[in-house]
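S.K.: Attaching a predicted model along with its sequence, questions to come.
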Amino acid sequence: MFKAIRGAKDILPGDAGLWQKIEALARRTFSNYGYREIRTPIIEDSGLFNRCLGALSDIVQKQMFEIKRDREVLCLRPEATASVVRAYIENHLDRSSGFSKFYYIGPMFRAERPQKGRLRQFHHIGIEAIGSLSPYLDVEVISLASRLLDDFGVKGAEIVINSLGCDTDKKKLSAELRAKLKDRLADLCLDCRGRFERNVFRILDCKNPACVNLAKDLKLGSGALCDECRRHFDKVKQGLDALGIKYNLSSRLVRGLDYYTRTVFEIKHPDLGSQDAIAAGGRYDNLVRELGGPDTGAIGFAFGVERIILAASEKPGAGKAAGVYLISLGEESMAAGLKLLDELRKNNIQADTNYSSKSLKGAMREANDSGSRFALIIGTDELEKGVVTLKDMASGEQRQVKTGDLVKELQC
């Protein structure tokens, strides 16, 4: 018997409604903030991510699913920012609008070691805002992420922010980190000893307890920020304060991908264990230019859907579905029921049935299991009278309704 590969999960019909609700809530909120949907392919040229994420990043070095075919080296996308920026440039979207706001929903792929909230195929809900360097856009983006927490029913989350500064500031911070760590390499895990040369920022993001404790001892401040980047970050904090959005500062928050600059943030939740980020994002003011587009600022974030579900204290839309379940008693009733189902569905009323012959008791059990609000019963008596029996599955109350009045009755 074949099974789903390790680190990939089926989303079964009993769970799909919850996923649809989360996606619908996100779409509504994104629309309210002026974001429009973009859909990029799940397969891209591997070089795109080598360039964007950094050829020496952990994702490129260890986690990309590559597909080699003839002379092409393709990969399943490990994240969406690079794909959205590629689409923005390739389709000349900067020419139609100087400022563009996109959202996306879809699967991503990384060759992870599967664990809680961390899969090989996982799903992101995210946004990218391209075309502005304003710190007030940073405020909007973080406030949007905060709003989604409320939409998804996630309580107890912590928003953590930091600024990496510009490229010059990042080089100063990198040099400071190496200077403080060079005599303590033996205290680092094996991965972080390699990161010391490849990408020293990733050491601050390591979940190994020894590396976490060492990072806390480094006592990093904001001294690496130039005056302009410090002013930018001050305006971000002032804007969040004005909106009443609570956050914590952390100089150890770096986001290990090469493209991040200035404001970075994570949303953490204690229920997720060591991999506690439910969402993350930040500015990438150089990436559009580096990929051949205009020299313009950009910022984005992504939520992990699987992690939203793990962290949500009240599952969005997890209750029973509305609608009606038709119970036809006998062959003649089944023929009449087909017409009735068709009429209900044409009027946008959710309606279903089971085409097998069952006793009334068995059919009522199925109606209850379906989560429908009402059961419609058609038998010989109902056919003779031109009515259906309408039963409220919550209260148990039932009454007879003329067939011609049923649609109006259910729409009230």
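M.R.: Now that the structure is in, tell me what you want to look at.

S.K.: Give me the nearest residue to residue 181, chain neighbours excluded.
M.R.: residue 196 (6.3 Å; C-beta to C-beta, 6 or more residues apart in numbering). C-beta: built from backbone N, CA, C; applies to glycine.

S.K.: Three-state assignment for that neighbour, please.
M.R.: For residue 196, the assignment made with DSSP: H, G, I helix; E, B strand; the rest coil gives helix.

S.K.: which residues sit in contact with it?
M.R.: 178, 181, 182, 185, 188, 203 (C-beta atoms under 8 Å, 6 or more residues apart in numbering).

S.K.: and the second one, how many neighbours does it have?
M.R.: Pointing back at residue 181 there. For residue 181, the neighbour count with other C-beta atoms under 10 Å is 21.

S.K.: pretty sure it is in a helix, no?
M.R.: Yes - counting by three-state DSSP, residue 181 is part of a helix.

S.K.: What's the separation between it and residue 203?
M.R.: The gap separating residue 181 from residue 203 is 7 Å, by C-beta to C-beta, to the nearest Å.

S.K.: picking that back up, so among the contacts of residue 196, which ones count as buried?
M.R.: The neighbour count (16 or more other C-beta atoms under 10 Å) marks 181, 188, 203 as buried among the contacts of residue 196.

S.K.: Go through these and say which is closest to residue 328.
M.R.: residue 203 (66.4 Å; C-beta to C-beta).

S.K.: Backbone dihedrals for the closest one, please?
M.R.: Backbone torsions for residue 203, taken as degrees, to the nearest 10, come to phi -60, psi -40.

S.K.: my guess is it contacts residue 193, does it?
M.R.: No - taking contacts as C-beta atoms under 8 Å, residue 203 lies outside contact range of residue 193: 9.1 Å.

S.K.: Spatially central, which residue of this structure would that be?
M.R.: Residue closest to the mean C-alpha point of the chain, counted by C-alpha atoms, centre = their mean, is residue 125 at 2.7 Å.

S.K.: Make sure it is indeed in a strand.
M.R.: Yes - applying three-state DSSP, one finds residue 125 inside a strand.

S.K.: Who is residue 390 paired with across the strands?
M.R.: Taking DSSP bridges as the rule, residue 390 bridges to residue 376, residue 399.

S.K.: What residue spans form the domains of the chain?
M.R.: 13-166+226-311, 324-411 (automatic domain parsing).

S.K.: which stretch in those has the least confidence?
M.R.: Lowest mean pLDDT within those: domain 324-411, at a mean of 84.

S.K.: Can you tell me how far residue 163 is from residue 281?
M.R.: Applying C-beta to C-beta, the value for residue 163 to residue 281 is 13 Å.

S.K.: Could I get the buried residue list for the longest helix seen in the chain?
M.R.: As assigned by DSSP state H, the longest helix anywhere in the chain is helix 13-32. By 16+ other C-beta under 10 Å, the buried positions in helix 13-32 come out as 17, 18, 19, 21, 22, 23, 25, 26, 29, 30.

S.K.: Might one say that the fifth one is in contact with residue 125?
M.R.: Going back to what we said before, that points to residue 22. Yes - look at residue 22 against residue 125 with C-beta under 8 Å: they come within range, at 7.4 Å.

S.K.: who touches both of those two?
M.R.: Residues touching both residue 22 and residue 125 (C-beta under 8 Å, 6+ apart): 305, 308.

S.K.: which residues in the stretch 101-250 of the chain form strands?
M.R.: Secondary structure of the stretch 101-250 of the chain (DSSP state E, counting those that start in this stretch): strands at 121-130, 158-163, 248-249.

S.K.: Provide the strand pairings for the second one, with the direction of each partner.
M.R.: The one in question is strand 158-163. With DSSP bridges as the test, strand 158-163 is paired with strand 248-249 (parallel), strand 261-268 (antiparallel).

S.K.: Just send those strands back as CSV, with mean neighbour count too.
M.R.: Listed next are those as CSV, based on neighbours: other C-beta atoms under 10 Å:
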stretch, mean neighbour count
strand 248-249, 12
strand 261-268, 24
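
S.K.: export those strands to JSON lines and tack on distance to residue 12?
M.R.: Shown next, in JSON lines, are those (distance: least, C-beta to C-beta, whole Å):
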{"stretch": "strand 248-249", "distance to residue 12": "38"}
{"stretch": "strand 261-268", "distance to residue 12": "28"}
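
S.K.: right, so of these, which gets closest to residue 4?
M.R.: With C-beta to C-beta as the measure, strand 261-268 is the member of those nearest residue 4 (28.5 Å).

S.K.: Show me how far the closest one is from its chain's centre.
M.R.: Taking C-alpha atoms, centre = their mean, to the nearest Å, one finds the center of strand 261-268 at 16 Å from the center of the full chain.

S.K.: Show me what it is in contact with.
M.R.: With C-beta under 8 Å, 6+ apart as the test, strand 261-268 has contacts from 135, 138, 142, 145, 149, 157-167, 170, 229, 232-233, 236, 247, 253-255, 276-286, 299, 301, 303.

S.K.: In the stretch 1-150 of the chain, what residue spans correspond to helices?
M.R.: 13-32, 46-53, 58, 81-90, 93-96, 135-152 (DSSP state H, counting those that start in this stretch).

S.K.: hang on, the earlier thing: of residue 163 and residue 281, which one has the most company?
M.R.: Of the pair residue 163 and residue 281, residue 163 is the one with more neighbours under other C-beta under 10 Å, namely 28 against 25.

S.K.: ok, now which ones touch the more buried one?
M.R.: By C-beta under 8 Å, 6+ apart, the contact set of residue 163 is 222, 225, 229, 230, 232, 233, 236, 262, 263, 264.
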